[in-house]
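Undergrad: Structure here, sequence nowhere to be found:
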């Protein structure tokens, strides 16, 4: 690797994220990234997360150039993030109440396809808070009882989405169409169960909770159980939704085991402690870029004060059918 970039580890005790920090001004990040692309990709496979600092990333174009050099297969049309108006392959971070946490999740793990790589560009950091917390799925499993891991691995997960206007993303925005027939065709093609109640769309999808990484072959925690489980909602939010909607399955997001068995709050407490035990917080400054392997690490946005602007890029589509279980498993 060229020596005009200093390499370190932000949290040595947990061995991630790796930090690449340019030591010179007017740094040509594109040449460096192109030259060291495989080295960078090897680092993210080993450590799960990489932080680029002082790379001179001060525009959407430069961010997209960095991300596409590392991961050429950036993709558009992802419904759970608002797309930026100036690019088909860049998104704004999830618009969610600043005072609340966006809980740990692997991006799009509740759908039939997901990005293997994910990039976060800090345009404007919050005045206070707003860290991106990342949790290594390998470490998570080290802190969960084996019987709990086995339960999640064998039963899998059932995700329910209710696209209720003004409560979550609209189905029109998620599926990028105003045509219900197009939504239905997509659902049929992607094994998504669906039901209409007037203009409210309910979808049901089944997905894994524990998988083996396609490149490292390591067993990892990979899902969105925290993001969808009702117990993770703030008390006032839960009470409001319950008063309006009644059953938890009618909430905008709900998850249970794949056989329909509810996931207890006690189990979710264990999951939460394991995710925290495997996590570190990254406070991005203007121009910083965080590069994650979306399967190796889950991410979470902590509460913040003031304005905050983060841009996201996603790359390298994966499907569960693409995954293999090692013969030794």
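TA: Looks like it came in fine. Source: prediction; values computed, not measured.

Undergrad: Three-state assignment for residue 88, please.
TA: coil (DSSP: H, G, I helix; E, B strand; the rest coil).

Undergrad: What count of nearby residues applies to it?
TA: 12 (other CB atoms under 10 Å). The C-beta positions use only the backbone N, C-alpha and C, and glycine is treated the same way.

Undergrad: The one 5 residues further on now?
TA: Using other CB under 10 Å, residue 93 has 20 neighbouring residues.

Undergrad: any idea of the pLDDT on it?
TA: In this model, residue 93 is scored at 92, pLDDT.

Undergrad: just the one 4 residues further on next, same as before
TA: As summarised for this prediction, residue 97 has a pLDDT of 91.

Undergrad: What separation do you get for it and residue 324?
TA: 40 Å (CB to CB, to the nearest Å).

Undergrad: Looks to me like residue 135 is in a helix.
TA: No. Residue 135 is assigned strand when assessed by three-state DSSP, not a helix.

Undergrad: correct me, but it touches residue 273?
TA: No. Assessed by CB atoms under 8 Å, residue 135 is found out of contact with residue 273, at 11.2 Å.

Undergrad: Compare the two and say which is more crowded by neighbours.
TA: residue 135 (27 against 13).

Undergrad: Quick check: closest non-adjacent residue to the more buried one.
TA: Distance criterion CB to CB, 6 or more residues apart in numbering; nearest residue to residue 135, sequence neighbours excluded, is residue 279 at 3.9 Å.

Undergrad: how about the closest residue to residue 83 other than its chain neighbours, phi and psi?
TA: Nearest residue to residue 83 in three dimensions, chain neighbours excluded: residue 91, at 5.6 Å (CB to CB, 6+ apart). Backbone torsions of residue 91, given as degrees, to the nearest 10, read phi -130, psi 150.

Undergrad: likewise residue 303?
TA: Torsion angles at residue 303 (phi, psi; degrees, to the nearest 10) stand at phi -60, psi 160.

Undergrad: hang on, the residue nearest to residue 83 packs against residue 173?
TA: No. Contact criterion CB under 8 Å: residue 91 and residue 173 do not qualify, at 11.8 Å.

Undergrad: one step back: and the residue nearest to residue 135, what does it touch?
TA: Residues near residue 279 by CB atoms under 8 Å, 6 or more residues apart in numbering: 104, 133-136, 300.

Undergrad: before we move on, back to that, more neighbours: residue 91 and residue 173, which one.
TA: Comparing residue 91 with residue 173 by other CB under 10 Å, the one with more neighbours is residue 91, at 19 against 15.
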